[in-house]
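[1] What would the 3D arrangement of this be:
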Amino acid sequence: MAAAARLAMRVTLIALTVLIEGRIAAAIAYTRYKNVSSDVVMIGAVLPIHTSLNGACGSINSLGIIHSEAIAYVIERINNRSELVPGVKFGFTIHDSCSSINSALDETLDLLTSKTPQKGFGISAMIDGSTSTTTIPIAQLLGLFRIPLVSFSATHPSLSDKTQFKYFLRTVPSDIYQAKALIDILSYFNWTYVAAIQSGDVYGRDGMSAFLEKYKNETLGRCIAGNNVIEIPYPGATTQDYDKAVDKLMQPYVINATVVVAFAQVETLNGLLDAIKRKRDRDSITFTKEFVWVGTDAWTDSLSTQRLQTARNLIGVVVEEIVNDNFNAYFTNLHINNHTDNPWFSEYWEAHFNCSLNGTNTSLLCDTAHQSLATGYNADILYLAHAFDAVYTIAYGVQDMQRRVCNGSAGLCSAALTKGIFNAVTLEGDLLFQHLLNVTFGRKDARGMVSFDRNGDIPAIYTVENLQGSVVTSVGKWVNGQLPALNLSKPVVWNQINGSIRSFCSAPCNSGEYPIPVAGQSSCCWTCSSCTGTNPYSDGKLCQHCAVGTKANRNKDGCTPIVINYEFFSYPWSVISITIATLGIVTVMIVGFVMLINVNHKVVKASSRELMTLLFVGLFLCYCMPFVFTATPSPAFCAIRRFGIGFSYSACFIPILVRVIRIHRIFNRKASMIAPKFTSPFSQVIFALVLLFVQVIISTLWLALERPNVEFIYSPQSGEIKCSENPYIGLSITLGYNAVILILTVYFAFRTRKVPAGFNETKFVSITASTLVVIWTAFILTYFGTASLGPVFQTGSQVLAIVLSATAVLGCFLIPKVYIVVSHKWKEYHVSSTDATPQPGEGVLGHDAQKGDIATSLPSSFMLSKTARDAVRVQPEPCI
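    Residues are numbered from 1 along each chain as shown. Next up, the predicted model:
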C-alpha cells in the first residue's frame with residue numbers, strides 16, 4: 001500500500017510538471033493519421049517495444065513490434081470502412097515503454113502533450129499492451145486527465161476497482177477468473193496440497209492473493225505447502241534468490257507437494273527453472289523430485305524449449321487466442337524496403353534474421369532481397385486478438401457516442417468534444433468512457449461477443465494448455481459462467497511420471513487413527529496416532545467412542561452392537577450346580593415316594609406328615625430354582641427368581657423350626673400335668689403357614705417396590721445381562737428373614753440337645769442347622785466378593801447356595817428317616833424294647849404312639865419333676 005501511495009504521488013507530480021512547464025522532449029514514435037479535412041480521433045498506445053536493461057531500453061521485443069503492427073492494421077481497416085463512423089478518421093501514435101515503469105510514464109506524458117498539426121486533435125483514448133505492473137501507474141496517470149485506457153494485456157484484479165481506475169477497461173480477462181480456472185484444474189485432478197510461488201511484483205503478489213483467497217479452504221482440505229508462499233524478487237532477482245527458492249521447495253513437508261502453482265512473470269520462471277536444472281545437474285542421484293507446474297497466462301506458453309525440458313510436466317491457462325490469417329498474411333508481407341513508418345521495424349528485421357542492415361561484417365549483412373518474414377514466423381501470437389478487440393472497442397465506442405450525442409450527424413459535434421492539455425481537441429472523457437462500457441460487438445472468430453461489465457471486464461475464456469513431449473498443446477477450455485467451466489477435450493499427458501499425479505502432504509490416517517498436526521506446517525500435514533480409550537473408532541480424522549452396548553468393528557471405522565451372551569453353562573461350577581439340582585429332584589421324588597408308600601409307618605407318623613409335605617415342597621422348589629436362575633434373564637424370570645429364592649428357603653427351614661420348637665415346648669416346659677397347647681399337627685401347620693406367609697409378604701413388597709427388570713452390563717468387548725435388583729435392600733431383607741428362621745432353628749436345636757435319647761430328632765436338626773449356617777456364611781462372602789466379576793458369578797453363588805442348602809436338609813434331616821423306614825433296625829430296636837413298654841394307665845404314651853404323635857406321649861411321672869422325669873424309663877422313640 002505504501003508503494004502504491006508513493007507511485008500515485010509521483011504520477012501526480014509528473015502531471016503537474018507537465019501542466020506547469022509545458023511539453024517534454026519528443027520521443028521516437030510510430031505515428032499515422034489521415035491529414036484530411038475529416039475529424040480525427042487520435043489513439044495513443046504505450047507498448048513494450050524493447051526489453052528493459054538496467055533501467056534503459058534493451059533488445060527488441062518481437063511481441064511488441066507485432067502488437068504495434070496489429071494496431072496499425074486494425075485502424076487502417078476501420079478507416080477503410082467510412083460507414084462505421086461517418087466523417088471521422090482514426091489516427092494513432094505508438095510509443096515504446098521499454099518494459100519499464102519510468103519509461104512508460106514518460107512516454108504516456110509525451111503522448112498526452114502531442115496533437116495533430118491540423119485542427120490540433122489530441123489523444124482521446126489510450127491502448128496499453130504492458131504488464132499489470134506497468135499498466136497500473138499508466139491508468140492512474142490517465143485518470144487524472146479523464147482519458148479512457150483500454151488494455152489488452154493487463155490482468156491484475158485491482159484494475160477492476162473503479163474507485164482507483166475510473167477510466168480503465170480491458171479486453172483480456174481479470175486474474176480473478178484466472179485464479180478460478182487454476183483452482184478448477186487443481187480440483188479436477190484432486191490436488192489438495194500445492195506449493196505456491198509468486199514474483200515480487202504487483203502481478204505476482206496480487207494474483208497469488210486472489211488465488212489463495214479462493215483456494216485455501218481447510219473444510220475442503222486444501223492447503224499451501226509450508227503454509228507460506230515462496231516469493232522471488234522481481235525485477236532484479238539474483239542466482240542466489242532462485243537457488244533459495246529451490247531449497248525452500250525441498251524443505252521437509254514442502255517437498256511432499258508435487259504440484260507447484262506459479263503466479264509470476266516469465267523471467268521469474270526462467271530463472272527458477274534454470275536453478276532447478278543446476279541443482280539437478282549437481283545432485284543427479286539425490287535430486288529425483290519431479291514437479292508438475294501449474295502456470296498462468298504470463299508464462300505458460302512463453303517458455304523456451306530448453307526450459308520446457310527442465311519443467312517436464314506443465315499444465316496452465318492462457319488467454320484464448322485465435323489465429324488471424326489475414327493479419328498474418330499482412331505482417332509476413334511487410335518488408336524492410338517498403339515499410340518505413342515503423343521506426344523500430346528495421347531493428348526487428350535484424351533481430352529476426354540475426355543480421356545487420358548496415359554492418360561492416362559482410363557475413364552478417366542482411367540479404368533483404370531474399371529474406372521474408374514468413375520464414376520462422378509463429379502465427380500463434382499472444383494477446384493478438386485482444387489487441388484487435390481493444391482497437392475495435394474504441395471505434396465502436398466512438399460510433400455509439402456519435403449516434404447518441406451527435407444524433408448521428410457526420411463528424412464530431414461540439415457536445416462530444418472538449419479542450420485537453422495545451423488546448424488539444426479531444427473527445428469528452430467521461431462521455432467516451434460510458435459509451436465504451438456499453439459497447440457490444442461480435443468478433444469475426446469463435447470467441448463470440450465482446451461486452452463489458454460495470455467494472456470494465458469482459459467474460460473470461462481461457463485455453464488450457466499441457467506440455468506433451470516438447471510442445472505445449474491445447475487440451476481444453478475454461479469458460480466463466482459455463483457449467484462446468486472446465487472442459488478438457490483432449491487427454492492430459494505427464495512426462496517422466498507414470499500413472500496419475502498425487503500431491504498431498506500426509507496420507508490419510510487409517511481407521512482407528514487420528515491426525516496430529518505438525519507444528520509450523522499447514523493443516524494438511526499431520527502424523528497419525530492410534531485412538532485410545534474404551535472402544536474407540538475413527539474415519540481417519542476424528543476419534544470417537546462407541547455408545548454403550550456397542551463396540552468398534554474389526555476395521556475400527558464404526559460400531560457394531562455387542563452380542564449379549566449369557567454363558568452360564570460355560571463355567572464348571574454351573575454344571576455342578578445343575579447336576580446336583582437334577583440329582584436332588586430325583587432324590588426328593590424317591591424319598592417322597594418312600595414316605596408315601598409307608599405313610600402309616602410309625603416313623604412317618606411320628607415325623608408329622610403335614611409338615612413333611614411342606615418340607616418336600618420347599619426342597620422341590622429349591623432344586624428347581626437353579627433352572628430358573630440359569631435361564632436367560634427376562635422380567636418374568638427375574639420376578640420368579642426374586643419370589644422363589646425366599647419362598648423356597650422358607651418352605652425348607654420353617655417346617656424344621658416348627659418341629660424343633662414343638663419338641664422344645666414339650667421337653668423343656670415346667671413340670672405340669674397339663675399338656676402344652678397348640679402342639680397338634682393342625683396347629684403346627686397353621687403356625688408354619690403363618691411364618692411362610694410373612695415371607696410371601698416380604699417377597700411381594702419387594703416385587704411391588706422394585707419392579708423386576710433386566711440390566712445390561714457391558715465390558716469393552718462383551719456384554720452380560722442380569723436381573724436388576726438392589727442386593728442391599730430387597731435381597732438382604734428376604735434372605736435376612738430366612739437367616740432369622742435358621743438362627744432360631746439352631747437356637748432351639750441347642751436348647752433341646754438333652755431330651756431323652758428316644759427323642760433324638762433334635763440331633764439331626766442341629767446337624768442340619770449347623771451345616772446351613774456354614775453354607776450361608778460362605779454364600780454371603782462369595783456373593784458380595786464376586787460382585788466385581790460380573791453377574792454370572794453372583795448368580796452362580798446363589799445357585800450353589802440354594803442346591804447345597806437343599807442338599808443339607810435332604811441329607812441331614814430326611815435321609816436318616818428314610819434309612820430307618822427301609823432298614824430292619826427299627827424292627828430290631830422295637831423288639832428289644834418290648835419289656836419297657838408302659839401299660840395302659842401309666843401315661844398317655846401308649847395311646848399317642850399308636851396315633852403316631854410321640855411328642856405328647858409322656859409317662860405321668862415325667863410331668864411331675866425333673867428328678868422323677870429322669871427316673872422314668874420311657875419307651876425309646878425311633879431315631880427321627
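[2] Near residue 336, how many other residues are there?
    A total of 17 residues lie near residue 336 under the criterion other CB atoms under 10 Å. C-beta: built from backbone N, CA, C; applies to glycine.
[3] Is the closest residue to it other than its chain neighbours in a helix, a strand, or coil?
    In this structure, residue 336 finds its nearest non-sequential neighbour in residue 349, 4.7 Å apart by CB to CB, 6 or more residues apart in numbering. Under DSSP: H, G, I helix; E, B strand; the rest coil, residue 349 falls in the helix class.
[4] show me the contacts for residue 349.
    336, 357, 366, 368, 371 (CB atoms under 8 Å, 6 or more residues apart in numbering).
[5] can you pick the most crowded of those residues?
    residue 366 (19 neighbours).
[6] ok, that one touching residue 350?
    Yes. Contact criterion CB atoms under 8 Å: residue 366 and residue 350 qualify, at 6.6 Å.
[7] Any chance you could list residues touching both of the two?
    356, 357.
[8] quick one: the residue nearest to residue 336 from residue 62, how far?
    11 Å (CB to CB, to the nearest Å).
[9] The most centrally placed residue in the chain: what secondary structure?
    Nearest to the mean C-alpha position of the chain, counting by CA atoms, centre = their mean, stands residue 541 at 5.2 Å. Under three-state DSSP, the three-state class of residue 541 is coil.
[10] I figured it hits residue 510, correct?
    No. Residue 541 is not in contact with residue 510 according to CB under 8 Å; the separation is 11.1 Å.
[11] Correct me if wrong, but residue 795 is in a helix.
    Yes. Judged by three-state DSSP, residue 795 forms part of a helix.
[12] before we move on, what SS does the closest residue to it other than its chain neighbours have?
    In this structure, residue 795 finds its nearest non-sequential neighbour in residue 629, 5.5 Å apart by CB to CB, 6+ apart. Secondary structure state of residue 629, per three-state DSSP, is helix.
[13] In its sheet, which strands sit next to the host helix or strand of residue 125, and in what direction?
    Following DSSP states H and E, one finds residue 125 within strand 123-128. Partners of strand 123-128 in the sheet, by DSSP bridges, are strand 39-47 (parallel), strand 149-151 (parallel).
[14] Could you tell me the least trusted of these?
    When these are ranked by mean pLDDT, strand 39-47 comes last with a mean of 92.
[15] CA atoms of that strand as PDB?
    In PDB, the C-alpha atoms belonging to strand 39-47 read as follows (Å, rounded to 0.1, in the frame of the first residue of the first chain):
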ATOM      1  CA  ASP A  39     -12.300  15.000 -37.800                       C
ATOM      2  CA  VAL A  40      -9.600  12.800 -36.300                       C
ATOM      3  CA  VAL A  41      -9.800  10.600 -33.200                       C
ATOM      4  CA  MET A  42      -6.200  10.100 -32.000                       C
ATOM      5  CA  ILE A  43      -5.500   6.800 -30.200                       C
ATOM      6  CA  GLY A  44      -2.300   6.600 -28.200                       C
ATOM      7  CA  ALA A  45      -0.500   3.400 -27.300                       C
ATOM      8  CA  VAL A  46       2.400   2.500 -25.000                       C
ATOM      9  CA  LEU A  47       3.900  -0.800 -25.900                       C
END
